[in-house]
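# show me how the following folds:
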Amino acid sequence: MLVDGQVDRIGQAAQLSIQSDAATFDQPVAAATHSEALAVALKALETHQEGLEIAGIGHRIVHGGLQFTKPALLTPSTVEALRKLCPMAPLHQPYNLAGVEVARNVFPDAVQIGCFDTSFHRSHPWVNDTFALPRSFYDQGIRRYGFHGLSYDYITGVLKRDYPDLHQGRVIVAHLGNGASMCAIKAGKSIGSTMGFTALDGLPMGTRCGQLDPGVVLYMMQQNGMSPEDVNSLLYTRSGLLGLSGESSDMRSLLASDSPQAAEAIDYYVFRARREIGAMTAVLCGLDALVFCGGIGENATVIRERIVDGLGYLGLAVDQVKNQENARDIGNGATRLMVISTDEERIIARAVQAHLLSAPEA
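Residues are numbered from 1 along each chain as shown. Below is the predicted model:
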C-alpha cells in the first residue's frame, strides 16, 4: 500500500487521517457531506501521486440488485440503474454513488469500477432467497439479497489459500461492526445470510434494529401515526445499540459504560448473535468453523467470548489466552474458531486491476 486515507465523523467534527510509509497525520477538515469528505481526501492524496497516473478507481456499492452480480464499469447508464436501488439501501447507496461522481470529476480519464456487496450471495438456493409472499413480488426483485459480500469474498479467499480443506467445508463468517451480519458458506459459496431485502434484517447493529416483526411497522404507522419517513429514520438511525442503550452506537463506549441500559444492549447483541449462529448452522446442516471479522469481531475479545459461551454443543470453545492476543485461532474445541481481519478494499483493488489488465489497448 502506497498511502491510505479516510475521513471520520462526517458532518460533525470531521477528521482526516492519512497513513503512508513516510508519515501519519490527522487533522480537522470541513466536510459536511460525504461528497465533500471524498473531495478533501482526494485533494490530500495528490501529494502522494507525483509521477503516477490514476488509471482506475474502485467503489464499494452496497446494492447491486438482480442485474449486477460481478464488478461492473460505472458508466452513466449503470449509475442511473444503481440509483434506482437507493430505497433498498438508504444509508449507503446514495453516498456510494456520490463518491462515484466526485471521483469522476477529479479523475475524468480513470475508469470507475463498482463492486457490489450483494454479488457474493447470488448463489443462494431459492428457499434462502425468497419470502413467503405471492410469487409476483419475487419476480419484481423483492427477495433476500444479503450484504457485506466484499468482506465474505475476502475471508473465503483467505480460507481457500491457507486452509483449503476448511474452505470446502461448512463455515459461518460473522462480520460484526457498526453494520453486522453472518453468512453461511459451504464449499466457498454463500447459501444463507442473516440480512435480507435491505441491510436492516438479522443482527442488531450500531443504529439499525435487526430482525423485526413487520407487524411492528404496521402498528407504528396505524396506531402511532408515524409516516414512512418517520419509520425509516427510526429503524435505520435511532435503533440498534443506540436505541437500546439510549447512550451510544459504539460497542467500545457501551463496554466501558456503567449504565444498566448499556449492559442490556450488549446482552441483546450477544443473544441475537448466538441465535443467528444456531440458525446458520441449521442452514449448513453442521459446522466446521466459525470466523469472526469486522471492527467488533476482530477487536472486542469479551464480545467474542460471550457469544461463544454456551455454544459448546456445536464444538465451540474459547482459548482465553489466544482470544486476548487476537490470534487467528482462538478456539480449543472440536470446531475451529478463528479471527481473520477482513480487507474489502483489497477485493475492490483486485477488481479494478482485473479490468485494467483485460481492457484492450486504445
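# ok, residue 182 touching residue 190?
No: Residue 182 sits out of contact with residue 190 when judged by C-beta atoms under 8 Å, with a separation of 10.7 Å. All C-beta atoms are positioned from the backbone trio N, CA, C, and that covers glycine.
# I'd like to know how many residues surround residue 125.
Residue 125 has 11 neighbours, counted by other C-beta atoms under 10 Å.
# what kind of secondary structure is the nearest residue to it once chain neighbours are set aside in?
With C-beta to C-beta, 6 or more residues apart in numbering as the criterion, residue 125 has its nearest non-adjacent residue at 6.1 Å, and that residue is residue 191. Here residue 191 is recorded as strand under DSSP: H, G, I helix; E, B strand; the rest coil.
# contacting residues for residue 191?
For residue 191, the contacting residues are 123, 124, 125, 128, 184, 185, 283, 284, by C-beta atoms under 8 Å, 6 or more residues apart in numbering.
# of the residues you listed, which is the most crowded?
Of the contacts of residue 191, with other C-beta under 10 Å as the count, residue 185 tops at 28 neighbours.
# and the contacts of whichever helix or strand that one is part of?
Assigned by DSSP states H and E, residue 185 belongs to strand 180-186. Outside strand 180-186, the residues within contact range by C-beta under 8 Å, 6+ apart are 120-121, 146-148, 152, 156, 169-175, 190-195, 199, 202-205, 210, 273, 276-277, 280-281, 283-284, 294, 296.
# among those, which ones are in strands?
170, 171, 172, 173, 174, 175, 190, 191, 192, 193 (DSSP state E).
# let me have the contacts of residue 191 in CSV, extended by distance to residue 353.
As requested, those are arranged in CSV below (distance: C-beta to C-beta, whole Å):
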residue, distance to residue 353
123, 24
124, 28
125, 32
128, 32
184, 30
185, 24
283, 33
284, 33
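# which of those lies closest to residue 18?
Taking C-beta to C-beta as the measure, residue 18 sits nearest to residue 185 out of these, at 35.0 Å.
# which neighbours do residue 182 and residue 190 share?
Here residue 182 and residue 190 have no joint contacts, going by C-beta under 8 Å, 6+ apart.
# residue nearest the centroid of the protein?
residue 148 (3.6 Å; C-alpha atoms, centre = their mean).
# right, and that one touches residue 174 too?
No: contact criterion C-beta under 8 Å: residue 148 and residue 174 do not qualify, at 10.1 Å.
# can you name the two of the ones in strands among the contacts of strand 180-186 that are farthest apart?
Maximum pairwise distance among the ones in strands among the contacts of strand 180-186 (C-beta to C-beta): 17.2 Å, between 170 and 175.
# more neighbours: which of these two?
Using other C-beta under 10 Å, the more surrounded residue of residue 170 and residue 175 is residue 175, with 29 against 20.
# what sits against residue 235?
By C-beta under 8 Å, 6+ apart, the residues touching residue 235 are 200, 208, 209, 212, 217.
# repeat for residue 327
Applying C-beta under 8 Å, 6+ apart, the residues near residue 327 are residue 339.
# for it, grab phi and psi.
Backbone torsions of residue 327, given as degrees, to the nearest 10, read phi -70, psi 160.
# pLDDT score assigned to it?
With respect to pLDDT, residue 327 has a value of 98.
# ditto for the one 10 residues further on
What the model reports as pLDDT for residue 337 is 98.
# ok so it is a strand residue?
Yes: under three-state DSSP, residue 337 falls within a strand.
# pairing partners for the nearest residue to it once chain neighbours are set aside in the sheet, please.
In this structure, residue 337 finds its nearest non-sequential neighbour in residue 331, 2.8 Å apart by C-beta to C-beta, 6+ apart. Beta-bridge pairing of residue 331 under DSSP bridges involves residue 318.
# starting at the chain centroid, how far to stretch 156-170?
21 Å (C-alpha atoms, centre = their mean, to the nearest Å).
# what's in contact with it?
In this structure, residues lying in contact with stretch 156-170 by C-beta under 8 Å, 6+ apart are 171, 173, 184-188, 284-289, 291, 336, 340, 347.
# no further questions, thank you.
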